[in-house]
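Peer 1: sequence plus the predicted model coming up.
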Amino acid sequence: MADSAETRKLVYLVTGGCGFLGEHVVRMLLQREPRLYELRVFDLHLGPWLEELKTGPVQVTAIQGDVTQAHEVAAAVAGAHVVIHTAGLVDVFGRASPETIYEVNVQGTKNVIEACVQTGTRFLVYTSSMEVVGPNIKGHPFYRGNEDTPYEAIHRHPYPCSKAQAERLVLEANGRKVHGGLSLVTCALRPTGIYGEGHQIMRDFYHQGLRLGGRLFRAIPASVEHSRVYVGNVAWMHVLVAQELEQRAALMGGQVYFCYDESPYKSYEDFNMEFLGPCGLRLVDTRLLVPYWLLMLLATLNALLQWLLRPLLLYAPLLNPYTLAVANTTFTV
Ligand SMILES: NC(=O)c1ccc[n+]([C@@H]2O[C@H](COP(=O)([O-])OP(=O)(O)OC[C@H]3O[C@@H](n4cnc5c(N)ncnc54)[C@H](O)[C@@H]3O)[C@@H](O)[C@H]2O)c1
Ligand SMILES: CC(C)CCC[C@@H](C)[C@H]1CC[C@H]2[C@@H]3[C@H](O)C=C4C[C@@H](O)CC[C@]4(C)[C@H]3CC[C@]12C
């Protein structure tokens, strides 16, 4: 579409816009939304890369703020046509307290919803997660499922519980009257394990492999499948939903969609090796040496160590009882 001033009239707000997914959403909007007049990037921690985005035709407004602070959210939302809410505490490693996870993921989402209602913003896209569904605490597999597949979504961990609560709030807010009398239209997306440029967990695996002499030790059977989705595709899905939400409010409003692409179904470790192998690492099959009960013992010891060391330092390894259980349960969409 030709770039002309009269087509540029939309104001978007991306919360968490400096995060792993958020940055890709910001860049995708600049590339793929020709109607963009202003792009507001709201985050607790602003990235220096934002400066380079301010040279284009779109006004990029960096807003340092906290979603747990209602007034900061309201100020950022006021005047926006669309809010893409990706900000959240993605913590399954025990770095943050359950209270903080709830405060950011649930109260923060409440603040975003209320800001849309109070200021008249009609379109809200929320980044939910596969973990809203599972794997559940019983370790039931979810094999090539979809949004309608029956599954007992029961959780105890603060992260999936907070995402499930936040998603429910977003979907229930669909149809609420916003300032000005029109209705709020909401939609939630559930990415599976996102990978791609800037993925910190992939980096953590790489550095762990370097520390172990270029080797990683298999902990998960290759038969356990996990869906993964490329970050650029997840960003594109967010842009597509935001673009379609007005025209298809009746169909998409209050709905939730899994995010998946053609990424192969593999175990979490085998999928990572698609990238870490060419980087010189190799996966040593030690499943015979390290049975599951021993892994669970090591994971439990990690959790105990984390608790004991917490007053002195943050010890948050990849392996803990929760991550082991999730990794060891098939979940594909
Ligand atoms: N990474 C995945 O595999 C994955 C999969 C499914 C869903 N998600 C969801 O996608 C979203 C983004 O995840 P990510 O992987 O990019 O994580 P991330 O940690 O890289 O990004 C989250 C961003 O939110 C910001 N943030 C955190 N607390 C905030 C607060 N109080 N106020 C304002 N900003 C705050 C952080 O500074 C960060 O920039 C999250 O909602 C997460 O639940 C992630
Ligand atoms: C045996 C251990 C070393 C396990 C190591 C892998 C572990 C760190 C991985 C396995 C599954 C991963 C989660 C899964 O991809 C889905 C999500 C949902 C998303 O919303 C946030 C990230 C998360 C929890 C992944 C975190 C890393 C996990 C647990």
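Peer 2: All right, it came through fine. Numbers count the residues shown, from 1 in each chain. Ligands and ions are numbered 1, 2, ... in the order given.
Peer 1: end to end on stretch 161-180, go ahead and measure it.
Peer 2: Using C-alpha to C-alpha, to the nearest Å, one end of stretch 161-180 lies 33 Å from the other.
Peer 1: which residue, other than its chain neighbours, is closest to whatever residue of the stretch 1-150 of the chain ends up closest to ligand 1?
Peer 2: For the stretch 1-150 of the chain, the residue closest to ligand 1 is Gly19, as judged by C-beta to the nearest ligand atom, at 2.1 Å. For the C-beta atoms, the positions are set from N, CA and C on the backbone; glycine is no exception. In space, not counting the residues next to it along the chain, Gly19 is nearest to Thr86; the distance is 6.3 Å by C-beta to C-beta, 6 or more residues apart in numbering.
Peer 1: the one you found: how many residues sit nearby?
Peer 2: With neighbours defined by other C-beta atoms under 10 Å, the count for Thr86 comes to 27.
Peer 1: before we move on, the earlier item: check contacts around the residue of the stretch 1-150 of the chain closest to ligand 1.
Peer 2: Asp43, Thr86, Ala87 (C-beta atoms under 8 Å, 6 or more residues apart in numbering).
Peer 1: so which of those residues comes closest to Met237?
Peer 2: Distance to Met237, by C-beta to C-beta, is smallest for Thr86 among the contacts of Gly19, at 11.9 Å.
Peer 1: list phi and psi for the residue in the stretch 101-250 of the chain that ligand 2 sits nearest to.
Peer 2: Closest approach of the stretch 101-250 of the chain to ligand 2 (C-beta to the nearest ligand atom) occurs at Gly193, with a separation of 2.6 Å. With angles defined as degrees, to the nearest 10, Gly193 sits at phi -60, psi 110.
Peer 1: identify the bridge partners of it.
Peer 2: Gly193 has these beta-bridge partners by DSSP bridges: Arg228.
Peer 1: how near is it to Val256?
Peer 2: 18 Å (C-beta to C-beta, to the nearest Å).
Peer 1: how about Cys18?
Peer 2: Distance, Cys18 to Val256, by C-beta to C-beta: 25 Å.
Peer 1: comparing these two, which shows the higher neighbour count?
Peer 2: Counting neighbours by other C-beta under 10 Å for Cys18 and for Val256 shows that Cys18 has the greater number, 22 against 19.
Peer 1: next up, the contacts around the more buried one.
Peer 2: For Cys18, the contact set (C-beta under 8 Å, 6+ apart) comprises Val41, Asp43, His45, Leu46, Gly47, Leu50.
Peer 1: just the strands in the stretch 101-250 of the chain please.
Peer 2: Under the criterion DSSP state E, counting those that start in this stretch, strands of the stretch 101-250 of the chain are mapped to 123-127, 185-191, 193-195, 215-217, 228-230.
Peer 1: surely Trp236 touches Met28?
Peer 2: Yes: assessed by C-beta atoms under 8 Å, Trp236 is found in contact with Met28 at 5.8 Å.
Peer 1: more neighbours: which of these two?
Peer 2: Each of Trp236 and Met28 has its neighbours counted (other C-beta under 10 Å); Met28 has more, 21 against 18.
Peer 1: and the gap between the more buried one and ligand 2?
Peer 2: For Met28, the distance to ligand 2 equals 19 Å [C-beta to the nearest ligand atom, to the nearest Å].
Peer 1: any idea which helix or strand carries that residue?
Peer 2: helix 20-32 (DSSP states H and E).
Peer 1: can you list contacts of that helix?
Peer 2: Counting by C-beta under 8 Å, 6+ apart, 12, 14-17, 36, 39, 41, 43, 47, 49, 53, 56, 58, 60, 84, 86-87, 127, 191, 194, 196-200, 231-232, 234-236, 238-239 sit against helix 20-32.
Peer 1: okay, buried residues for it please.
Peer 2: For helix 20-32, burial by neighbour count (16 or more other C-beta atoms under 10 Å) applies to Phe20, Leu21, Gly22, Glu23, His24, Val25, Val26, Met28, Leu29, Leu30.
Peer 1: ditto for stretch 193-209
Peer 2: Result for stretch 193-209 [16+ other C-beta under 10 Å]: buried residues Gly193, Ile194, Tyr195, Gly196, His199, Ile201, Met202, Phe205, Tyr206, Gln208, Gly209.
Peer 1: okay, the helix holding Met28 in PDB with CA atoms only?
Peer 2: Provided in PDB are the C-alpha atoms of helix 20-32 (Å, rounded to 0.1, in the frame of the first residue of the first chain):
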ATOM      1  CA  PHE A  20      11.400 -11.500  23.500                       C
ATOM      2  CA  LEU A  21       7.900 -11.600  21.800                       C
ATOM      3  CA  GLY A  22       7.100  -8.000  22.200                       C
ATOM      4  CA  GLU A  23      10.100  -6.700  20.200                       C
ATOM      5  CA  HIS A  24       9.100  -9.000  17.300                       C
ATOM      6  CA  VAL A  25       5.500  -7.700  17.500                       C
ATOM      7  CA  VAL A  26       6.700  -4.100  17.500                       C
ATOM      8  CA  ARG A  27       8.900  -4.700  14.400                       C
ATOM      9  CA  MET A  28       6.200  -6.700  12.700                       C
ATOM     10  CA  LEU A  29       3.700  -3.800  13.200                       C
ATOM     11  CA  LEU A  30       6.100  -1.300  11.700                       C
ATOM     12  CA  GLN A  31       6.600  -3.600   8.700                       C
ATOM     13  CA  ARG A  32       3.000  -4.900   8.100                       C
END
